[in-house]
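K.L.:
quick one, fold the following:
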Amino acid sequence: MIARAFFATLLIGLLIAAALAEGPIGSQTTIVPTLTEPDRTEEDEPGWDCRTMGNRLCGPGSESKTSRR
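P.N.:
Next up, the predicted model:
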């Protein structure tokens, strides 16, 4: 009888602890990524212009300086 009451109390305590650790229902932490350099455009982002940025070789048919024979 005492063991049953002990385990019931333990179970209730664990459920309460899990609920408190989880936080209120519907409250989720949202992590918003930030850019280290907001005015810098990377190659795969919209706004990248291969004619004026990077190595200025556009498309798969472009000849690179290292591939010349």
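
K.L.:
where does pLDDT dip in this protein?
P.N.:
By pLDDT under 70, the low-scoring segments of the chain are 21-29, 34-38, 63-69.

K.L.:
now do 90
P.N.:
1-7, 13-69 (pLDDT under 90).

K.L.:
mind listing the helices for it?
P.N.:
Listed in chain order, the helices of the chain (DSSP state H) span 2-22.

K.L.:
what about Thr52, how many neighbours?
P.N.:
7 (other Cβ atoms under 10 Å). Backbone N, C-alpha and C define where each C-beta goes, glycine included.

K.L.:
please tell me how far it sits from Thr41.
P.N.:
For Thr52, the distance to Thr41 equals 11 Å [Cβ to Cβ, to the nearest Å].

K.L.:
give me the common contacts of these two.
P.N.:
Overlap of the contact sets of Thr52 and Thr41 (by Cβ atoms under 8 Å, 6 or more residues apart in numbering) is empty.

K.L.:
Arg40 is in contact with Trp48, correct?
P.N.:
No: with contact defined as Cβ atoms under 8 Å, Trp48 does not reach Arg40; the gap is 10.6 Å.

K.L.:
neighbour count: the two, which is higher?
P.N.:
Per other Cβ under 10 Å, whichever of Trp48 and Arg40 has more neighbours is Trp48, with 12 against 8.

K.L.:
and the more buried one, how far is that from Gly54?
P.N.:
Trp48 is 8 Å from Gly54, by Cβ to Cβ.
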